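Predicted structure and sequence below. I'll ask about it afterward.
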Amino acid sequence: MPNDIKNIIIKQTIMIKTHLKIAWRNLRRNPLFSLINILGLSTGLASAFLIFFWVTDEMTVDTFHENDQNLYQILMKSEENGVIRVHEGTQGPLAEALEKDLPEVEDAVTVMNLEREGMAITFSDDENTFKTEGLFASKNFFNVFSFPLMRGSIDQVLQDKDAIVVSENFALKLFGSVDKALNHQIKYSFFGKEQSGKITGVFEDVPSNSTMKFSFVGTKKKLLEDIWTNGKEWYNTGPQTYLVLKPNTDQAAFNKKIDRFVDKYLDGNMFSLFTRKYSDAYLKGNYVDGIQSGGRITYVRLFSFIAILVLLIACINFMNLSTARVSRRFKEIGIKKTVGSTKRTLVVQFLTESIFLTCLSLILALLLVFLLIPAFNYVSGKELDLQLIFQNAPVLILATLLTGLISGSYPAFYLSGFSPLATLKGAFKTHGGELFTRKGLVVFQFMASLVLIISVLIINNQLNFALTKPIGYQKDNIVQIDLEGKAYDNIPFFFDEIEKVEGVERVGGLNQSIVREDGGSSTYGIDWAGKPADLEVDFIVRDVDENLTQTLNIEMVEGEPFNEKLGSPESYVLFNEEAIRIMGLKNPVGQKINLWGEDKTILGVMKDFHTASVMQPISPVVFKYSPNHLALAMVRIHSGSEMKTIENLKRLYTDYNPGYNFNFTFQDQMFNAQYSSEQRILSLSKYFAILAIFISCLGLFGLAAFNNEMRVKEIGVRKVLGSSTYAILHLLFLDFLKLVLIAILIASPIAWYLMSGWLQQFAYRTNIGWAVFVIASILTILIALLTVSFQAIKAASANPVKSLRTE
């Protein structure tokens with residue numbers, strides 16, 4: 001190594017050591033301000049790290065499949081009453097037709113989730129019985145999706161019609177080991193109908209970052225031949241269709257090619273097809289009028305922004321406190337400049353101090369992550385672990401260094417720019433522009449915190465609106481019970497027994513839950529007189545008995561509900577108001593319609609009710625009378641004795657139906673579960689808003705302490721001249737109150753604009769009232785006043801003699 005380079009390295013090493021010693025000395029000399037900086041930076045870093053882990057997990061959902069880059073889902077668009085709707089459900093024969101007709105398709109698979117369609121699937125061997133969720137899929141399912149097999153061959157496991165592939169957990173639960181499960185004959189039922197199959201393979205449990213959840217896979221052939229025979233028809237929708245396109249296929253050109261593909265197979269087809277990248281569905285699954293309009297990606301962007309905002313607030317604390325205490329380092333700066341230190345050397349010194357403090361904060365931040373990650377997982381519904389720290393160590397270190405550079409940049413250039421003569425004489429005075437900058441940074445901190453607070457309040461209002469909005473049927477005190485075994489075989493008798501149970505008011509039945517996140521089963525197979533040739537309507541379909549509408553207190557606006565007086569009730573149907581409006585029927589009761597090739601008569605019109613989240617538009621609904629095709633009992637029970645009644649129902653069910661578990665759900669809990677994502681987002685937003693306020697208050701506390709320290713003689717003079725403690729407090733509070741009020745004026749319109757855009761994604765939404773801004777403003781003012789009150793009271797009550805005796 002040449003001597004010149006060696007000397008440079010030695011000098012730089014000595015310089016860095018010196019800078020670190022000075023940084024450590026300054027840290028020890030100013031414990032309060034150092035503590036405030038470390039707490040602020042560590043809290044900001046910990047928040048950013050947790051959000052980074054959450055965002056990383058969100059971004060990797062469904063991306064683990066080997067075919068990810070070429071794996072697409074077929075979606076269907078239809079225009080209904082001037083609105084373009086997008087549906088995931090497609091036709092059963094679609095996958096084979098696309099693979100046969102289009103050379104761009106390398107592989108195509110049909111997937112049908114019977115649990116999603118409300119069909120109970122119960123597995124049993126000679127001793128055990130349990131209900132689980134699963135799929136029926138094309139034989140190439142494991143070629144298209146990367147769910148590794150522990151036993152069995154990818155090309156063979158779904159070849160036989162009766163083949164069943166189960167998860168590792170399924171095999172262990174029912175058979176005790178993976179190997180014992182292989183080649184085992186197993187029974188399963190749906191709607192009480194018994195089926196049997198042979199276990200041909202075992203796959204690893206589905207990972208947590210997969211949106212497709214299942215414990216078994218059966219064959220599509222079994223589904224269409226023995227379970228859902230109507231699924232062969234092109235006019236019925238339900239299954240999902242997935243494609244693997246050949247490499248370098250142009251998606252836009254392919255979408256144009258398949259737009260009217262179904263016309264070839266279905267006369268009068270009124271819907272079109274297009275593709276969406278499979279791994280995009282989780283984050284970008286929302287559509288408005290047929291156009292992709294975000295989804296969970298909105299929350300990913302929101303929390304990424306919050307992470308940057310919280311870190312920036314922490315950096316601003318460091319900047320403000322460093323520049324505010326500038327007079328304490330005048331002599332140090334002046335001497336160094338006098339003996340030859342350049343501006344560059346001083347900048348490096350102050351940046352080194354900043355990075356040193358940030359690195360200390362990193363240690364505390366990692367400790368906070370370690371302590372908080374279990375609670376964070378509970379709130380967010382994630383399964384994050386500490387391995388993420390090691391896996392992302394380079395990113396975390398880079399983020400820490402960047403934070404140190406940003407925090408120290410303004411103080412470094414600010415402090416290094418002083419004249420050596422002015423600093424040594426102590427003649428330096430703070431200019432108005434510098435005070436404006438410092439106050440501007442405080443305003444920015446509270447403005448950012450206020451935007452978060454207002455946003456949290458509006459999200460909370462929207463969620464409360466969704467949970468309390470009338471949904472058109474009774475959800476409280478309604479118990480949903482799965483019908484299986486003997487309970488399914490003899491539904492009328494079992495329902496009579498339920499009504500005899502103490503605490504039960506009424507019972508009705510239907511084939512799937514009245515409210516589902518995806519809406520549930522639907523059909524386009526309804527025709528009526530005067531139906532426009534260009535109108536295609538996707539009706540939500542429910543099979544019900546004669547007691548369902550009365551049990552759920554669904555109001556009839558015209559006609560009557562199903563009842564025992566009808567000679568042949570199976571020839572009648574009920575529609576909701578939205579369906580009648582879309583169909584354009586006047587005086588609908590008594591009119592004829594055709595449902596799946598069968599003539600029906602409209603018996604009545606139900607008041608509109610929600611079959612999915614109230615944040616979605618009300619869908620057209622048809623109830624058809626089918627008491628032998630029920631899967632659920634809906635039981636209305638007395639209020640105040642719910643648990644006792646549940647115990648009575650459980651006793652009846654187990655006595656009547658031995659070997660089957662008593663599976664029940666409260667309807668209001670099912671309804672509220674639709675908003676679990678929004679509730680988690682709300683909880684996370686609350687916590688990060690609190691952290692942002694905490695960091696801002698740390699900075700405010702530090703500035704208040706320094707401000708009082710600098711004005712101690714002024715306060716002493718005022719007290720000697722007769723100023724009261726109240727007058728001094730008013731003086732000290734006023735400066736900070738002005739900054740908070742300015743922050744309120746700036747934050748309010750920004751928050752209104754951002755949250756108005758967020759609310760647009762909901763069909764039914766709350767109004768942004770003035771109360772939200774008033775509450776947020778009062779809360780922020782109180783927090784700010786409380787933060788500075790300790791220092792203000794300390795300064796106002798100090799003995800003026802002590803502060804003036806040096807004069």
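Happy to help now that I have it.

Break the chain down into its domains, please.
25-61+284-429, 68-283, 478-673 (automatic domain parsing).

Dump these into TSV; add mean pLDDT and mean neighbour count as well.
The C-beta positions use only the backbone N, C-alpha and C, and glycine is treated the same way. Formatted as TSV, the domains of the chain follow (pLDDT from 0 to 100; neighbours: other CB atoms under 10 Å):
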stretch	mean pLDDT	mean neighbour count
domain 25-61+284-429	78	18
domain 68-283	87	18
domain 478-673	88	18
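
between these, which gets nearest to residue 790?
Nearest to residue 790, of all the domains of the chain, is domain 25-61+284-429, at 12.0 Å by CB to CB.

Tell me which of the domains of the chain approaches residue 686 most closely.
domain 25-61+284-429 (9.2 Å).

and the closest one, how far from the chain's centre?
27 Å (CA atoms, centre = their mean, to the nearest Å).

before we move on, back to that, could the domains of the chain be laid out in a markdown table, adding distance to residue 689?
Shown next, in a markdown table, are these (distance: least, CB to CB, whole Å):
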| stretch | distance to residue 689 |
| --- | --- |
| domain 25-61+284-429 | 8 |
| domain 68-283 | 23 |
| domain 478-673 | 22 |
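
wait, which of the ones you listed is closest to residue 698?
Per CB to CB, nearest to residue 698 of the domains of the chain: domain 25-61+284-429, 4.7 Å.

rewinding a little: out of the domains of the chain, which gets nearest to residue 470?
Taking those one by one with CB to CB, domain 478-673 is closest: 9.0 Å.

measure that closest one end to end?
End-to-end distance of domain 478-673: 15 Å, with CA to CA, to the nearest Å as the criterion.

Kindly report the same for stretch 278-296.
15 Å.

In terms of helix, strand or coil, where does residue 590 fall?
coil (DSSP: H, G, I helix; E, B strand; the rest coil).

about what we covered before: of all the domains of the chain, which one is nearest residue 727?
Closest among the domains of the chain, once you apply CB to CB, is domain 25-61+284-429, at 24.4 Å.

Which neighbouring elements make contact with the host helix or strand of residue 109?
Assessed by DSSP states H and E, residue 109 sits inside strand 105-112. Strand 105-112 sits against helix 94-101, strand 135-137, helix 141-144, strand 240-245, with contacts defined as 3 or more CB pairs under 8 Å, 6 or more residues apart in numbering; DSSP states H and E.

what's in contact with the longest one?
When contacts are defined by CB atoms under 8 Å, 6 or more residues apart in numbering, helix 94-101 is touched by residues 74, 105, 107-110, 138, 239, 241-243, 258, 261-262, 264-265.

switch to 6 Å and redo it
Contact with helix 94-101 is made by 105, 108-110, 241, as judged by CB atoms under 6 Å, 6 or more residues apart in numbering.

now stretch 140-147
65-66, 107, 109, 154, 203, 217, 244.

In JSON lines, list the residues you listed along with distance to residue 131.
Listed next are the contacts of stretch 140-147 as JSON lines, based on distance: CB to CB, whole Å:
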{"residue": "65", "distance to residue 131": "28"}
{"residue": "66", "distance to residue 131": "32"}
{"residue": "107", "distance to residue 131": "31"}
{"residue": "109", "distance to residue 131": "25"}
{"residue": "154", "distance to residue 131": "28"}
{"residue": "203", "distance to residue 131": "19"}
{"residue": "217", "distance to residue 131": "16"}
{"residue": "244", "distance to residue 131": "32"}
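
so which helix or strand takes in the residue most central in space within the chain?
Nearest to the geometric centre of the chain sits residue 677, at 4.0 Å (CA atoms, centre = their mean). Assigning secondary structure by DSSP H and E places residue 677 in helix 676-710.

name the helices or strands packed onto that helix?
Counting contacts by 3 or more CB pairs under 6 Å, 6 or more residues apart in numbering; DSSP states H and E, helix 676-710 packs against helix 31-59, helix 297-324, helix 432-468, helix 770-796.

Can you add distance to residue 525 and give those helices back as a markdown table?
Output for those, formatted as a markdown table (distance: least, CB to CB, whole Å):
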| stretch | distance to residue 525 |
| --- | --- |
| helix 31-59 | 38 |
| helix 297-324 | 35 |
| helix 432-468 | 32 |
| helix 770-796 | 46 |
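
Quick check: which of the ones you listed is nearest to residue 622?
helix 432-468 (25.2 Å).

So which bits of the closest one are buried?
438-439, 441-463, 465-467 (16 or more other CB atoms under 10 Å).

Compare the domains of the chain and report which one is nearest to residue 742.
So among the domains of the chain, domain 25-61+284-429 is nearest, using CB to CB, at 15.2 Å.

gap between the nearest residue to residue 591 once chain neighbours are set aside and residue 594?
Excluding the flanking residues, the one nearest residue 591 by CB to CB, 6 or more residues apart in numbering is residue 602, at 5.2 Å. Distance, residue 602 to residue 594, by CB to CB, to the nearest Å: 12 Å.

swap in residue 786?
In terms of CB to CB, residue 786 sits 70 Å off from residue 594.

Figure out how far the strand holding residue 109 is from the centre of its chain.
That offset, for strand 105-112, works out to 28 Å (CA atoms, centre = their mean).

wait, is residue 360 part of a helix?
Yes: according to three-state DSSP, residue 360 belongs to a helix.

quick revisit: show residues contacting the one helix or strand the residue nearest to residue 591 maps to.
Here residue 602, judged by DSSP H and E, is contained in strand 598-606. With contact meaning CB under 6 Å, 6+ apart, strand 598-606 is reached by 554, 556-560, 572-576, 580, 588-589, 591-593.

Direction included, what does that strand pair against?
Next to strand 598-606 in the sheet, as set by DSSP bridges, lie strand 556-559 (antiparallel), strand 572-576 (parallel), strand 592-595 (antiparallel).

Looks like residue 266 contacts residue 233 (just checking).
No: at 9.1 Å, residue 266 does not count as touching residue 233 under the criterion of CB atoms under 6 Å.

any idea how far residue 187 is from the closest residue to residue 785 other than its chain neighbours?
Leaving aside its chain neighbours, residue 785 sits nearest to residue 733 (6.3 Å; criterion: CB to CB, 6+ apart). Distance of residue 733 to residue 187, computed by CB to CB: 76 Å.

How about residue 703?
According to CB to CB, residue 703 and residue 187 sit 73 Å apart.

Return the distance of the strand or helix carrying residue 487 from the chain's centre.
According to DSSP H and E, residue 487 maps onto helix 485-489. On the basis of CA atoms, centre = their mean, helix 485-489 sits 38 Å off its chain's mean C-alpha point.

And stretch 153-164, by the same measure?
That offset, for stretch 153-164, works out to 36 Å (CA atoms, centre = their mean).

Compute the first-to-last residue distance for that stretch.
Span of stretch 153-164 from end to end, CA to CA: 13 Å.

Could I get the contacting residues of residue 77?
Contacts of residue 77 (CB under 6 Å, 6+ apart): 84, 86, 272, 290.

10 Å instead?
Listed by CB atoms under 10 Å, 6 or more residues apart in numbering, the contact partners of residue 77 are 84-87, 259, 270-274, 287, 289-290.

go on, residue 299?
54-55, 58, 283, 677-678, 680-681, 684-685, 758.
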